[in-house]
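Participant: Just a sequence and a predicted model for now, questions to come.
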Amino acid sequence: MRRILRLLSYAVIIAAALTTGYYWGSRPLPDGPASGDADPAAPLPREEANSPVQLVVSQEEHDAIQVYEIRNESVVNVNTEVVSYNWFLEPIPREGSSGSGSIIDSRGYVLTNDHVVDGAVRLFVTLSDGVQLEAEIVGRDPENDLAVIRFDPEGRELEAIPFGDSSILRIGQTVLAIGNPFGLDRTLTAGIVSGLGRPLRARSNLVIRDMIQTDASINPGNSGGPLLNRAGEMIGINTAIFSPSGGSVGIGFAVPVNTARRVVPDLIEHGIVKRGWIDIVPRQLFPQLVRYAGLPISEGILIHEVLPEGNADRAGLRGGSRTGAVRYGRTVIYLGGDIITAVDGMPVATLANLYEALEDKRPGERVSVRYFRDGQFHETDITLSTRPARFSWE
């Protein structure tokens, strides 16, 4: 009897083992190969395992890769050294701002933002090979937040980034930004043109016109770097972001490259931009002055003084009288002069408007000036002179 029970228990164990083995063996391979077929989980033959994998990219990705490969070496990091003063008024050099720049000439000229180099006593550029070289400021244009600096290439063959045409941009067009955000060298970000013709108030309180809006990620350190199209042409200079937090929220702005095309030759040759000017000393109307003088119009540029023998003098414009001088704070204002209300059809209500109206005008160009005198509006044509340094907006 005991022997029979032992045999029965062996039979139960064997049956259980066979049943369990089928469950685990059949679960991963319900349609498994017949005995003797190759194991599908076995390693590939050596020649197949070592065969190269073909990278599949879209046309847009291909373009971005190519643009980065051909342009990243033409983007430099820009670092500055500034001076602060201790309690004893002793100058203390310290690290200043950092940004990016684009090589625009094989002689070492670099285009960047003016706010990147503002206040710098020393400048340094870091090239793609990691070499840091000292640079100097060639020219500045605070009104468009642009600057040109230069370094000695020391025999290096530099590849300049070509200018595109920002006037033919379309909303939705793919754009690429290369720069140095948060010190991360030669970072590429991509996006689209989100808006065109955006006005942006600069540090000087002037309005930079026709800014390009993009959702390509732009962060601190990107300033001055190129905004590129898919052909690798510069179509903008990354300049500012709208951000409550200080980081990118997808609203960035770039100075259009056509602005740079216009001002860069002057910056390289003269160090400043040669802009047209009306030879007057202007004063902006404000409510207290309008009430005090009993003026019939409330907006415009009062001609405080006409410069002798200047274009305004030759055109018959009239300045204020010293006998009618009033003081507002530290400013003396001569009353009784003509009030300019428009230049070439552009309304001029503020000093910023006057500067903006003349922004694209070159010395020697003629403009139409609308002005108010003795209760009537008049117009005259003026051939512009060169704006003197004393009337720089800074």
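Facilitator: Here it is on my side, so go on. Treat the numbers as computed from the prediction; the structure is a model and nothing was measured. Numbering: from 1, shown residues only.

Participant: Any stretches of the stretch 51-200 of the chain with poor pLDDT?
Facilitator: Residues of the stretch 51-200 of the chain that meet the criterion pLDDT under 70 lie in 51-54, 183.

Participant: neighbours of the closest residue to Gln132 other than its chain neighbours, just the number please.
Facilitator: Nearest in space to Gln132, with sequence neighbours left out and distances taken as CB to CB, 6 or more residues apart in numbering, is Thr126 at 4.8 Å. C-betas here are computed from N, CA, C, even on glycine. Taking other CB atoms under 10 Å as the criterion, the count of residues near Thr126 is 17.

Participant: Isn't Thr126 up against Ser98?
Facilitator: No - counting by CB atoms under 8 Å, no contact exists between Thr126 and Ser98, whose distance comes to 9.5 Å.

Participant: Between those two, which contacts overlap?
Facilitator: 77, 79 (CB atoms under 8 Å, 6 or more residues apart in numbering).

Participant: Specify the beta-bridge partners of Arg370.
Facilitator: Using DSSP bridges, the bridge partners assigned to Arg370 are Ala342, Glu379.

Participant: Next, work out how far apart it and Gly319 are.
Facilitator: With the distance defined as CB to CB, to the nearest Å, Arg370 ends up 17 Å from Gly319.

Participant: Who is the spatially closest residue to Gly319 that is not a sequence neighbour paired with across the strands?
Facilitator: For Gly319, ignoring the flanking residues on the chain, the nearest one in space by CB to CB, 6+ apart is Val306 at 4.0 Å. Using DSSP bridges, the beta-bridge partners of Val306 come out as Ile280.

Participant: what about Val306, neighbour count?
Facilitator: Tallying neighbours of Val306 according to other CB under 10 Å, which is how burial is gauged here, yields 23.

Participant: what residues are up against it?
Facilitator: Neighbour list for Val306: 279-280, 312-313, 317-319, 337 [criterion: CB under 8 Å, 6+ apart].

Participant: mind listing the helices in the stretch 251-394 of the chain by residue range?
Facilitator: Read by DSSP state H, counting those that start in this stretch, the stretch 251-394 of the chain holds these helices, from start to end of the chain: 257-270, 287-293, 311-314, 351-357.

Participant: if I look at the closest residue to Gly252 other than its chain neighbours, how far off is Glu81?
Facilitator: If you skip the residues right next to it in sequence, Gly252 has Ile218 as its closest partner in space, 3.5 Å away by CB to CB, 6+ apart. Per CB to CB, Ile218 is found 24 Å from Glu81.

Participant: Please say which of these two ends up with more neighbours.
Facilitator: Each of Ile218 and Glu81 had its neighbours counted (other CB under 10 Å), and the higher figure belongs to Ile218 (28 against 15).
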